[in-house]
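>>> Structure here, sequence nowhere to be found:
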DNA sequence: CCTTTTTACGCAAACGTTTGCGTAGTTTCG
DNA sequence: CGAAACTACGCAAACGTTTGCGTAAAAAGG
């Protein structure tokens, strides 16, 4: 079913058909021709060939189909993370309200692969949101390929990008401070240690308070319950004078809780524990998890808004938005020794 | 940067350039021309215009960009569900291995909206996977628009679709049986009650074992921890002789655990609890959750495989695959009275 | 050295649209 | 009633590719 088919059947020219189906205002078609065309089009379920449209119209308006992409910078074997599920979901909801649909939202795409970029550019999204951790070169590379990009995540970017972040460094530092103010000084770290702002904050907090970092109570752990469980287990095997853990996020903390309890320690009496993210589950585990609240929903909403606003040309200067966080006190932290 | 630009710069014709960049075997170009073309192309970062390719090649091979869509039949305000996160993730991983990328994976799209369908068809995916709950008409509607569709979820489809399911009815029935064999007869239900196979299985199990369904111990609950918490709370307010709960899935069960413990009951001594899905978290809560294991990873892998196989024409008859499940005994179920 | 094959490349059509321009026929208006 | 304006539509070019066919020049074969 092409314009030509319709034109032949209706006994008119292709241009007429095109003008009618496009509802083009200039030189509107005659009422009766219009009706005939429409009925034929509908009968045969005509749907315009977007390739042809895109081709013909160059980089014109029809280039867009009101869609954005979420590019999620994570490895294919990274564990599920409710944080990103929630972030993506709120982006999608907000985008939908503005009439945008999101593609690739959950894809474990390789952001460095030209083939991937090609696939994304091919689908002609109007803009892309980069989520998670993303190094500078990749970001620059993406910016070259997509005109409109916005970043959202826990890492403040020091370059001029649109970004909606909750400063992970500050959050982690404050989490440490939360424990420290309760009197803890021997604080373990469970989480990513490579290139991770939360870990840097941990190290710096220690240094700022003249506490020696002890590798026996620091462990590299995957961002999953299993990772937290194993990580806490490893640390607890090596030492028995630890009084608190800082976990890189809540699911890690939930895993850690189990390991701690299995070793016979009580939470928070013997060992305190703080997480990050404040996912829904945090209040349903026992003990309820004290954690740093991150406004995930707000981040997603803003991310969608800013990206769409940029697409629409609403702003041209980079918007660097930093969202507030706060500790939420539940049951997993007690006073230090 | 088009073929024409390259051709002009190299002083050859467009066809020559096209043949060279396509590595077309027939009438291979001369070594030196080839090199010149490639160097120019690379220098300018030439990337073929897919619209033009698709247009020219009709419905030939290049129509596709090796992508599939995951259409997730859920409402925009449905809570996050780790089950689907995991399902989608495994679909993506498996698809990626076959060179396919997935679009729309997490989108809360309105499957009934023609505009949405249009957006998806426009991006010319090669096939779509329908996830979750999806009524017959919608399914039929989707099948009309996308030639290649496969369903995955907990609901067996009684029509001729490619489908990879784990029979939710059977799983739920067996979960009930698990409790029943332990001696429980007063079993509550927490979860969706509308149009839900798990609830049907619950009712039927009761009927089959001549147990009267009691609305006081049945509650409609959202598929989230909060839903489970509130649901269990409601039931516990109304009755005090309940000995077991069947929860529609694990996160609901995790919420229920908290409510039960708060009311002063011990699990499993006073009240037993069984979930469904066997998500990672199930083994990290306390007590560890007894649940029905669903091979989510396998479902995802098969879903991708079957869909891609169909796209490639590997099979034409509908493949109805039912994956096995089994109970995993942990700590949340004890003997009945 | 002449014929045949091969190599290397150009020509032009086609894919389905959109749109500026042109032109009959119709209406408006002074 | 004649000029101007408008209506309703057709013509054809253009978007960037791919590919069958054609054809010079070079290589091979006798």
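Everything's here; your move. Only a predicted model underlies this, so the values are computations on that prediction, with no experimental measurement involved. Numbering: from 1, shown residues only, chains lettered A, B, ... in the order given.

>>> Spatially central residue for chain A, please.
Centroid-nearest residue in chain A, with Cα atoms, centre = their mean: residue A:131, separated by 3.7 Å.

>>> Now name the helix or strand holding that residue.
Residue A:131 is part of strand A:127-132, with elements assigned from DSSP states H and E.

>>> List the strands paired with that strand, with their directions.
strand A:67-73 (parallel), strand A:149-153 (parallel) (DSSP bridges).

>>> Which elements pack onto the following helix or strand past the last one?
In other words, strand A:149-153. Using DSSP H and E, the next helix or strand after strand A:149-153 towards the C-terminus is strand A:162-165. In terms of contacts (3 or more Cβ pairs under 8 Å, 6 or more residues apart in numbering or on different chains; DSSP states H and E), strand A:162-165 is packed against strand A:149-153, helix A:296-311, strand A:320-322. In short, each C-beta sits where N, CA and C put it, glycine included.

>>> Mind listing residues that contact the first one?
Meaning strand A:149-153. Residues outside strand A:149-153 that contact it (Cβ atoms under 8 Å, 6 or more residues apart in numbering or on different chains) are A:87, A:91, A:127-134, A:139, A:142-143, A:157, A:161-165, A:168, A:299-300, A:302-303, A:306-307, A:310.

>>> Name only those of those residues that count as buried.
Those of the contacts of strand A:149-153 that meet the buried threshold are A:87, A:91, A:127-134, A:139, A:142-143, A:157, A:161-165, A:168, A:299-300, A:302-303, A:306-307, A:310, by 16 or more other Cβ atoms under 10 Å in any protein chain shown.

>>> Show me the strands in the stretch 151-300 of chain A, by range?
Along the stretch 151-300 of chain A, counting by DSSP state E, counting those that start in this stretch, strands occupy A:162-165, A:187-191, A:218-220, A:244-247, A:272-277, A:290-293.

>>> So which residues on chain A come close to DNA strand D?
Applying Cβ under 7 Å from any atom of the strand, one finds that chain A approaches DNA strand D through A:11-16, A:27-34, A:52, A:55-56, A:58.

>>> What about chain B: which of those touch it?
A:52, A:55 (Cβ under 8 Å from any Cβ of the partner chain).

>>> among the residues of chain A next to DNA strand D, which are in helices?
Residues of the residues of chain A next to DNA strand D located in helices (DSSP state H): A:14-16, A:31-34, A:52, A:55-56.

>>> for these, which one is nearest residue A:226?
The closest of these to residue A:226 turns out to be residue A:55 (Cβ to Cβ; 49.8 Å).

>>> Quantify the burial of that closest one by counting its neighbouring residues.
Burial of residue A:55 is recorded as 17 neighbouring residues (other Cβ atoms under 10 Å in any protein chain shown).

>>> Show the pLDDT at it.
As predicted, residue A:55 sits at a pLDDT of 85.

>>> Kindly report the same for residue A:76.
With respect to pLDDT, residue A:76 has a value of 62.

>>> and what of residue A:324?
With respect to pLDDT, residue A:324 scores 98.

>>> ok, the closest residue to it other than its chain neighbours - how many residues close by?
Take residue A:324 and drop its neighbours on the chain: the residue closest to it by Cβ to Cβ, 6 or more residues apart in numbering or on different chains is residue A:295, 6.9 Å away. Here the count is done by other Cβ under 10 Å, and residue A:295 has 16 residues near it.

>>> which ones are touching residue A:295?
Contacts of residue A:295 (Cβ under 8 Å, 6+ apart): A:166, A:323-325.

>>> Selection in ChimeraX covering whichever of the residues you listed are buried, please.
To isolate in ChimeraX the members of the contacts of residue A:295 that are buried, counting by 16+ other Cβ under 10 Å, one can use:
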select /A:166,325
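
>>> Pick the one among the contacts of residue A:295 closest to residue A:222.
residue A:166 (21.8 Å).

>>> residues in contact with the closest one?
Counting by Cβ under 8 Å, 6+ apart, residue A:166 touches A:154, A:294-295, A:299, A:322-325.

>>> Can you report how many residues neighbour residue A:43?
The burial count for residue A:43: 11, using other Cβ under 10 Å.

>>> now it: how far from residue A:290?
64 Å (Cβ to Cβ, to the nearest Å).

>>> try residue A:217
Residue A:217 is 19 Å from residue A:290, by Cβ to Cβ.

>>> Looking at the two, which one has more neighbours?
With neighbours defined as other Cβ under 10 Å, residue A:217 and residue A:290 compare such that residue A:290 has more, 26 against 20.

>>> Could you report the separation of residue A:211 from residue A:35?
According to Cβ to Cβ, residue A:211 stands 81 Å off from residue A:35.

>>> out of the two, which sits in the busier spot?
Applying other Cβ under 10 Å to residue A:211 and residue A:35 shows that residue A:211 carries more neighbours, namely 15 against 12.

>>> Does that one touch residue A:179 like I think?
No: using Cβ atoms under 8 Å, residue A:211 is not in contact with residue A:179, being 11.2 Å away.

>>> which residues do these two both contact?
Residues touching both residue A:211 and residue A:179 (Cβ under 8 Å, 6+ apart) are residue A:187.

>>> re the thing from before, dump the strands of the stretch 151-300 of chain A to JSON lines, plus mean pLDDT and distance to residue B:314.
Listed next are the strands of the stretch 151-300 of chain A as JSON lines, based on pLDDT from 0 to 100; distance: least, Cβ to Cβ, whole Å:
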{"stretch": "strand A:162-165", "mean pLDDT": "97", "distance to residue B:314": "44"}
{"stretch": "strand A:187-191", "mean pLDDT": "98", "distance to residue B:314": "43"}
{"stretch": "strand A:218-220", "mean pLDDT": "98", "distance to residue B:314": "42"}
{"stretch": "strand A:244-247", "mean pLDDT": "98", "distance to residue B:314": "46"}
{"stretch": "strand A:272-277", "mean pLDDT": "98", "distance to residue B:314": "42"}
{"stretch": "strand A:290-293", "mean pLDDT": "98", "distance to residue B:314": "48"}
